[in-house]
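In: sequence plus the predicted model coming up.
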Amino acid sequence: LQRIKLEGRLDRRSEGLPDSREKFMEFGFDFCYWSGDPAAPNYASQEEVFQDLGVCVLSGASEGYNVCLFAYGQTGSGKTYTMMGTPDSIGLAPRICQVSYWHLRDTKANHNLIFPLSFLEIYNERVRDLLRGAEQKKPAPLRVREHPEKGPYVQGLSQHVVTDYKQAVDLLEEGIANRITAATHVHDASSRSHAIFTIQYTQAILENNLPSEIVSKINLVDLAGSERADPQYCRDRITEGANINKSLVTLGIVISALAQNSQMFSSSQSINSVLSEGEGSTVGSQSSSLSGSGRRQCFIPYRDSVLTWLLKDSLGGNSKTIMIATVSPSSSSYNETLSTLRYAAHARNIVNKPRVNEDANVRLIRELREEIDRLKSMLLSFEMFNRNFTNLREYFLCAKKKKKRFYSTIRLLHVTL
């Protein structure tokens, strides 16, 4: 666990209150990076971030898990730079595409990979397809639906199957160019929408004459800035800011509720394990029911915003999720930095439930084959045991006969004497 220290003074002028006293706070995360000065000895390059985070994303997807990586933070703190990068310093999304197509090039004869791509943005709580080309002039908002097994999806979102890295990067750049940006008091070209770039990592495998397909999903999410709207800007910017804040506030509520539920579950599990060890399994099971009914789990309001609805699986569901919290080193951004770090600290407590996304019928066949192999092994062990038992029985019978002959010989000797 790596530590980040925050030192500064909380600005409360927006609340009509004087600044609070200077505070020193410390947070712990899995990775902490410094990217302010390239000349600094602890500077983290895009390559280093990819090796730590991007490789985890790709390994999870190749194993069949859904993976989500999202960047959260203040405008201008480096979210889009980290996720998308620049032509001279490409970010996580193009690097993940690049390595994915290296995997495609190196696939074996019995292993086929397909990578359909999609790119959308959520602007003012409406979903727009960023890869519609000429249709973008009059975009119609897309609807979010919920599949009973696969979860939330966007109806009518275009999917683009590409065969090499250049095609993927061209689509990525096209989508970035179509994103809605505007000048704010923080940034001249601030992203005014949440963007989700999705790679459907599809693996078709032929193993033991059994075809199977594993479809995992990589969601790369670049969220809009989390700062408050400036009342001096025009109505459009204020409306955008209100919708951005609505979705981010809902995201915060969802993260807090999930973290609270995870903490409740882990604490009840630890209490039950202690009681079951000390007083037996019966007491442990009784305490489990009491702890479960004593405090009801929080309701998770996924549908309160389009963003949290689409990220439902990524937050507490069937996904391995990485959150990147970007902060500014400026003392004037102390409030936003503190808020971002608190968000990230809450998110660390969430426990997801990822599973391999393979076809149910194929999984059943594989599990039945494994069960057959296990039963065959048990039968073989039993036969070996039975054979050994038979040999042992014959040995004892033979020994018994020898003993009988031995006593007969002793009696004869005794009579002779």
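Out: Received it, and whenever you're ready, just let me know what you need.

In: what stretches of the stretch 1-150 of the chain score poorly on pLDDT?
Out: In the predicted model, the stretch 1-150 of the chain carries pLDDT under 70 at residues 9-22, 107-110, 133-139.

In: quick one, strands of it?
Out: Under the criterion DSSP state E, counting those that start in this stretch, the stretch 1-150 of the chain contains strands at 2-9, 22-29, 67-73, 111-114, 116-123, 126-129, 143-147.

In: show me what the helix ranked longest in the chain is packed up against.
Out: Longest helix in the chain by number of residues, with DSSP state H as the criterion: helix 360-416. On a contact count with 3 or more C-beta pairs under 8 Å, 6 or more residues apart in numbering; DSSP states H and E, helix 360-416 meets strand 210-222. Glycine gets a C-beta too; all of them are placed from N, C-alpha and C.

In: now do the buried residues in the strand it packs on.
Out: In terms of neighbour count (16 or more other C-beta atoms under 10 Å), strand 210-222 has its buried residues at 212, 214-222.

In: next, count neighbours for V161.
Out: Other residues within reach of V161, judged by other C-beta atoms under 10 Å, total 11.

In: swap in L368?
Out: Count around L368 with other C-beta under 10 Å applied: 10.

In: K376 too?
Out: Per other C-beta under 10 Å, the neighbour tally for K376 reads 10.

In: what residues are up against it?
Out: Listed by C-beta atoms under 8 Å, 6 or more residues apart in numbering, K376 has no contact partners.

In: ok, back up a step: by pLDDT, rank the buried residues of strand 210-222 and give me the bottom one.
Out: Lowest model confidence among these falls on S212, which carries 77.

In: tell me who's in contact with that one.
Out: Counting by C-beta under 8 Å, 6+ apart, S212 touches 204-206, 358-359, 362, 366.

In: out of those residues, which end up buried?
Out: The buried subset of these - by 16+ other C-beta under 10 Å - is 205, 358, 362, 366.

In: I'd assumed H111 was in contact with the first one.
Out: Yes - counting by C-beta atoms under 8 Å, a contact exists between I205 and H111, whose distance comes to 5.5 Å.

In: redo the contacts of S212 as JSON lines? Include pLDDT.
Out: What follows is these, written out as JSON lines (pLDDT from 0 to 100):
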{"residue": "A204", "pLDDT": "82"}
{"residue": "I205", "pLDDT": "78"}
{"residue": "L206", "pLDDT": "75"}
{"residue": "E358", "pLDDT": "78"}
{"residue": "D359", "pLDDT": "74"}
{"residue": "V362", "pLDDT": "73"}
{"residue": "R366", "pLDDT": "75"}
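
In: got the residues you listed as TSV, with distance to P41 columns?
Out: As requested, the contacts of S212 are arranged in TSV below (distance: C-beta to C-beta, whole Å):
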residue	distance to P41
A204	47
I205	45
L206	50
E358	45
D359	50
V362	51
R366	50
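
In: could you count how many residues lie near L113?
Out: 17.

In: what's the neighbour count on the residue nearest to it when sequence neighbours are not counted?
Out: Nearest in space to L113, with sequence neighbours left out and distances taken as C-beta to C-beta, 6 or more residues apart in numbering, is L104 at 4.8 Å. The number of residues packed near L104 is 16, by other C-beta under 10 Å.

In: okay, now the unreliable bits of the stretch 201-350 of the chain?
Out: Within the stretch 201-350 of the chain, the ranges that satisfy pLDDT under 70 run 208, 226-241, 267-295.

In: now the helices: where do they sit in it?
Out: 235-279, 281-294, 306-310, 334-347 (DSSP state H, counting those that start in this stretch).

In: then the third one to CSV, C-alphas only?
Out: Coordinates of the C-alpha atoms in helix 306-310 are reproduced here as CSV (Å, rounded to 0.1, in the frame of the first residue of the first chain):
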residue,chain,number,x,y,z
VAL,A,306,-27.2,7.1,-17.0
LEU,A,307,-23.5,6.9,-16.0
THR,A,308,-24.0,4.7,-12.9
TRP,A,309,-26.6,2.6,-14.8
LEU,A,310,-24.1,1.8,-17.6
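
In: surely T82 touches G91?
Out: Yes - counting by C-beta under 8 Å, T82 does reach G91; the two are 5.7 Å apart.
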